[in-house]
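Student: following is a predicted model, sequence given first.
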Amino acid sequence: MGHYQPLRFIRHIFLLLGVTFILSSCATEFERIRSSNDQKLILAKAHEFYKEKDYPAAQALYELSIQFYRGKIEAEEIFFNYAYTYYHLGEYITASHYFKNFASTYYNSDKKEEAEYMAAYSHYNLSPNYRLDQSYSVKAIEAFQEFINKYPNSPRVKSCNELIDKMRLKLETKSFEQGLLYYNIGQYQAAVRSFENLLKDFPGSKSEEEAKFLMIKASFVLAENSIYDKKAERFEETIVLCRKYMDKISNKNFKKEVKDILNSATQELKNNKV
């Protein structure tokens with residue numbers, strides 16, 4: 001038992017030295033290739049690293065290869081793979097830039113369609129949780145729509161439409177939550193405008209009925225708390241919203257509440273016109 005601990009320690013030391021040697025050899029080999037100025041070797045190794053999914057090494061060697069092969073037949077594959085190295089490393093903004101650049105440079109390439117799709121898909125990968133800024137969602141929607149318009153018969157159109165729907169749902173949810181936030185903190189005029197925008201931007205929204213009901217409630221409370229000169233006008237607006245709800249909403253889950261608000265707003269309007 002006394003000899004076991006030292007032996008295990010020695011084995012660990014040898015293992016550590018072996019791993020260090022291997023890593024050092026790999027680093028030395030990479031540096032030898034990178035600094036060799038042998039364009040064929042550099043490109044061959046770039047392709048090899050790319051195939052092995054060693055994207056940082058592939059990217060570094062493709063970057064060197066660009067200067068050697070610009071304008072030559074090999075450049076097309078170099079630029080295409082180079083864009084993908086950024087994508088695989090999660091650098092989606094840069095990836096999108098290089099995919100777009102590839103599509104505009106190699107407009108006769110059989111990889112052009114894929115590059116344009118990946119430029120849009122890179123933006124999709126930047127689309128965050130609905131609570132955060134949705135600029136990248138909007139960019140991705142625009143890019144996917146542009147792709148659909150350009151390649152209406154592409155098998156990728158189905159995927160584009162599905163991803164557009166996912167991002168529109170994020171935008172719709174964010175819009176509803178924004179209106180709800182305004183309502184909950186007592187910013188009733190902002191709540192009404194926010195729900196109006198939701199219904200205009202997302203016709204047929206899954207939140208349509210609730211948004212209309214909350215808009216009616218916000219409108220009524222806003223009218224109640226308005227200065228005298230604004231009360232009549234705002235109660236009239238509430239009455240219009242109530243009647244639209246009663247006419248157009250099929251399920252009418254909030255029918256009783258809306259009817260009560262309609263009666264109260266009508267009575268308040270009469271009182272303010274006396």
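Tutor: Everything's here; your move.
Student: and after the lowest-mean-pLDDT helix or strand in the chain, which helix or strand comes next?
Tutor: Taking mean pLDDT, DSSP states H and E as the measure, the chain has helix 4-34 as its least confident helix or strand, at a mean of 55. As assigned by DSSP states H and E, the chain's next helix or strand after helix 4-34 is helix 39-51.
Student: now that next one, how far from the chain's geometric center?
Tutor: Its chain's average C-alpha position is 33 Å from that of helix 39-51, according to CA atoms, centre = their mean, to the nearest Å.
Student: now do stretch 206-220
Tutor: With CA atoms, centre = their mean as the basis, the mean position of stretch 206-220 lies at 28 Å from the chain mean.
Student: now swap in stretch 188-205 and tell me
Tutor: For stretch 188-205, the distance to the chain centre is 22 Å (CA atoms, centre = their mean).
Student: list the contacts of stretch 197-206.
Tutor: Contacts to stretch 197-206, defined as CB atoms under 8 Å, 6 or more residues apart in numbering, come from residues 168, 171, 172, 175, 176, 179, 207, 208, 211, 212. (Glycine included, C-beta is placed from N, CA and C.)
Student: the same query, at a cut-off of 10 Å, please.
Tutor: 168-169, 171-179, 207-208, 211-212, 215 (CB atoms under 10 Å, 6 or more residues apart in numbering).
Student: just for the stretch 151-274 of the chain, where's the confidence low?
Tutor: 249-251, 273-274 (pLDDT under 70).
Student: so which residues of it form helices?
Tutor: 157-184, 188-201, 208-224, 228-248, 255-273 (DSSP state H, counting those that start in this stretch).
Student: so what's residue 167 up against?
Tutor: Counting by CB under 10 Å, 6+ apart, residue 167 has contacts 123, 124, 127, 130, 134, 136, 137, 138, 139, 140, 141, 144.
Student: give the closest residue to the second one in space, chain neighbours not counted.
Tutor: What it means is residue 124. Using CB to CB, 6 or more residues apart in numbering and skipping the chain neighbours, the partner closest in space to residue 124 is residue 140 (4.3 Å).
Student: I figured residue 77 hits residue 58, correct?
Tutor: No - in this structure residue 77 lies outside contact range of residue 58 using CB atoms under 10 Å: 12.0 Å.
Student: re earlier: report the two of the contacts of residue 167 separated the most.
Tutor: 130 and 144 (17.8 Å; CB to CB).
Student: follow-up on the earlier one: relative to residue 171, how far out is the residue nearest to residue 124?
Tutor: Noted for residue 140: a distance of 11 Å to residue 171, by CB to CB, to the nearest Å.
Student: if I look at the two, which residues touch both of them?
Tutor: 127, 134.
Student: between those two, tell me which one has more neighbours.
Tutor: Between residue 140 and residue 171, counted using other CB atoms under 10 Å, residue 140 has the larger neighbour count: 26 against 18.
Student: count the neighbours of residue 225 for me.
Tutor: Neighbour count for residue 225, taken as other CB under 10 Å: 12.
Student: I figured it hits residue 188, correct?
Tutor: Yes - assessed by CB under 10 Å, residue 225 is found in contact with residue 188 at 7.6 Å.
Student: hey, what's in contact with both of those two?
Tutor: By CB under 10 Å, 6+ apart, the residues touching both residue 225 and residue 188 are residue 234.
Student: which stretches of the stretch 1-150 of the chain have low pLDDT?
Tutor: 1-27.
Student: and residue 136, what is it in contact with?
Tutor: Applying CB under 10 Å, 6+ apart, the residues near residue 136 are 92, 93, 96, 122, 123, 124, 125, 126, 127, 128, 167.
Student: between whichever strand or helix holds it and helix 157-184, how many degrees?
Tutor: Under the criterion DSSP H and E, the helix or strand holding residue 136 is helix 135-150. With axes from the mean of the first three to the mean of the last three CA atoms, to 10 degrees applied, the angle from helix 135-150 to helix 157-184 works out at 150 degrees.
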